[in-house]
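Here's my sequence, what's the structure:
(chains A, B and C)
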Amino acid sequence: MKTNIVWLQRDLRLADNPALHEALQQAEQTIIVYIHAPQELAPWQPGAASRWWLHHSLEALQQAITSLGAKLIIRQGPSLHTLLGLCSESKADAVYWNQCYTPQAIRRDQAIREALTSCGVSHHCYNGSLLHTPGSILNKEGKPYRVFAAFWNAAQGLGLGQTPLAAPQRLADNDLHFESVASLRLLPKIQWDNGLRQHWRPGAVNAHKQLYRLCDEILNPYPEARDYPAIEGTSRLSPYLAFGELSPGQVVAALLDTFMNCAIHGNACDSFMRQLGWREFAHHTLYHFPEASDQALNSRFAQLPWQNNPSLLKAWQQGRTGYPIIDAGMRELWHTGWMHNRVRMIVASFITKNGMIPWLLGARWFWDTLVDADLASNSFNWQWVAGTGLDAAPYFRIFNPIRQSQKFDKQGCYLRRWLPELAALPDEYIHTPWQAPANILNASNIRLGIDYPRPSLDLAMTRRNALASFDAIKSKLNKHSS
DNA sequence: TTTTGAGTTGTTCGA
DNA sequence: GTCGAACAACTCAAA
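Numbers count the residues shown, from 1 in each chain, chains lettered A, B, ... in the order given. Here you go, the predicted structure:
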């Protein structure tokens, strides 16, 4: 009897799973395995919010597999050693998996492939996390694209729509030993996860419910509504995609299906699809430039006068910078493990450009607190905001948190949700409490500096300084080159 | 081959 | 109040 092992990683789903699909076609017995070996991903092992999600996602997957008559074999220990052990226990002929494309995973997988081969076990790797395999989209010179528009044109030219693979109807059981999800100790020791529980339902079933909501309600107004943090105008699919409870191919198929039924405008469809395009671009970029998770892609920015400012960093992390939109965003992140996209840009611009704190420190905080933490997207987008990445925002593009707040949360609905201490302030002063007259502060029950902090830095001055630093680097470079 | 124009998400200033 | 220009530098594709 032929036996295959399917090694799941960030593809915690049964439908549209190429490795699982192939393994089932090729054998009578298929063993589905999850191996917990976070240290292999260091220094980017899952953060606290990701571990919370992983716990619930594994439970959901265990339940789904059980209902098909088998079980998810959970093990702990080094992946290589554990896989070899499983191969000999089960007399498996082959191991199938969907690749992760982070530098750590690529290095590890290379060693695993060699070891399997030398043990006489074959291996079969697939792409289950991206529309296109990294490395497959190159410009005419055979090099990676450095601007998004060209990349996305090429990606679309190669085709995006493939019918997702079906989930298995039944799975054959086995009697291998397996550990419980709880034994992985992924949940926090102190119970800080109430907010996560209130806001999220991990698991593939819930992923599809949210995908349905996207197509049914969110997509049509998406191009405009996505900018307003008080509205549920974005897809909220990011954690499901990060853990592979949903594949991007499934999302595209659902979008195209909705489009074909004339239920949405083409531009709403394109607009959302582009977001998947940025996800692809980020992943392809990390594949081509593996140092991008830790170092500026554009090295001249290393010379900027980055500040070591632990107290500002702490205030930012805790949501007490004195700028309401920043603090609301950071508290939303802390409470729910997620932050609205536009607010992510605002808080990132604030800490890197006004605060002059290295983007990597911001990226680390997001990494620990986001349920959708994804190495490629996180580092790419931090570099985008900081101006150090590929096709990044121009350096002079510095968000003004007051203007952004007034523009995208005019009535302060989002601010009041996350900053209850400011809730009584009239709309006029909700974005700038320090400008409110004393009698209004009194009437709103706010003592500035006690109930809510005064601004932690001077926006205009820090902006001028940042631009001046950039100019200094520019003229230095010009001198060098001339 | 060379040139030209366009390119996710912004802000400020002056007319 | 609104509008256009200026604020880089560089990649890529089309002409």
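
okay, CA-based contacts and neighbour counts for the rest of this
Fine.

Write out the residues of chain A neighbouring DNA strand C.
Contact residues (Cα under 7 Å from any atom of the strand) of chain A with DNA strand C: A:139-140, A:143-147, A:150-151, A:154, A:392-397, A:471, A:474-475.

one more time with 6 Å
For chain A, the residues in contact with DNA strand C (Cα under 6 Å from any atom of the strand) are A:Asn139, A:Lys140, A:Pro144, A:Tyr145, A:Arg146, A:Val147, A:Ala150, A:Pro394, A:Tyr395, A:Phe396, A:Asp471, A:Lys474.

for chain A, longest strand please?
In chain A, assigned by DSSP state E, the strand with the most residues is strand A:29-36.

and it, what does it pack onto?
Applying 3 or more Cα pairs under 8 Å, 6 or more residues apart in numbering; DSSP states H and E, we find strand A:29-36 packed against strand A:3-8, strand A:72-76, helix A:79-90.

restrict the residues of chain A next to DNA strand C to contacts with DNA strand B.
A:Phe396.

Narrow the residues of chain A next to DNA strand C to those in helices?
Mapping those onto helices (DSSP state H) picks out A:Ala150, A:Asp471, A:Lys474.

re earlier: want to throw the residues of chain A next to DNA strand C into a markdown table with pLDDT and neighbour count?
Converted to a markdown table, the residues of chain A next to DNA strand C look like this (pLDDT from 0 to 100; neighbours: other Cα atoms under 10 Å):
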| residue | pLDDT | neighbour count |
| --- | --- | --- |
| A:Asn139 | 92 | 13 |
| A:Lys140 | 90 | 8 |
| A:Pro144 | 95 | 20 |
| A:Tyr145 | 95 | 22 |
| A:Arg146 | 93 | 16 |
| A:Val147 | 93 | 12 |
| A:Ala150 | 94 | 13 |
| A:Pro394 | 84 | 12 |
| A:Tyr395 | 85 | 16 |
| A:Phe396 | 87 | 15 |
| A:Asp471 | 82 | 13 |
| A:Lys474 | 73 | 14 |
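
Identify the farthest-apart pair in the residues of chain A next to DNA strand C.
With Cα to Cα as the measure, no two of the residues of chain A next to DNA strand C lie farther apart than A:Lys140 and A:Asp471, at 33.8 Å.

how far out from the middle of the chain is stretch A:220-227?
Relative to its parent chain, stretch A:220-227 has a centroid offset of 20 Å by Cα atoms, centre = their mean, to the nearest Å.

does DNA strand B sit close to it?
No: shown here: stretch A:220-227 not in contact with DNA strand B (Cα under 6 Å from any atom of the strand), separated by at least 6.7 Å.

Show me which residues of that stretch are buried.
A:Asn220, A:Tyr222, A:Pro223, A:Ala225, A:Arg226, A:Asp227 (16 or more other Cα atoms under 10 Å).

Pick the one among these closest to DNA strand C.
A:Asp227 (18.5 Å; Cα to the nearest atom of the strand).

Alpha carbons only: can I get the longest strand of chain A in PDB?
Extracted C-alpha coordinates of strand A:29-36, given in PDB (Å, rounded to 0.1, in the frame of the first residue of the first chain):
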ATOM      1  CA  GLN A  29      -3.100   6.200   2.600                       C
ATOM      2  CA  THR A  30      -2.400   9.900   3.200                       C
ATOM      3  CA  ILE A  31      -1.200  11.200   6.500                       C
ATOM      4  CA  ILE A  32      -1.800  14.900   7.300                       C
ATOM      5  CA  VAL A  33       0.800  16.400   9.600                       C
ATOM      6  CA  TYR A  34       1.500  19.700  11.300                       C
ATOM      7  CA  ILE A  35       4.900  20.200  12.900                       C
ATOM      8  CA  HIS A  36       5.400  22.900  15.500                       C
END
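
Noted, bye for now.
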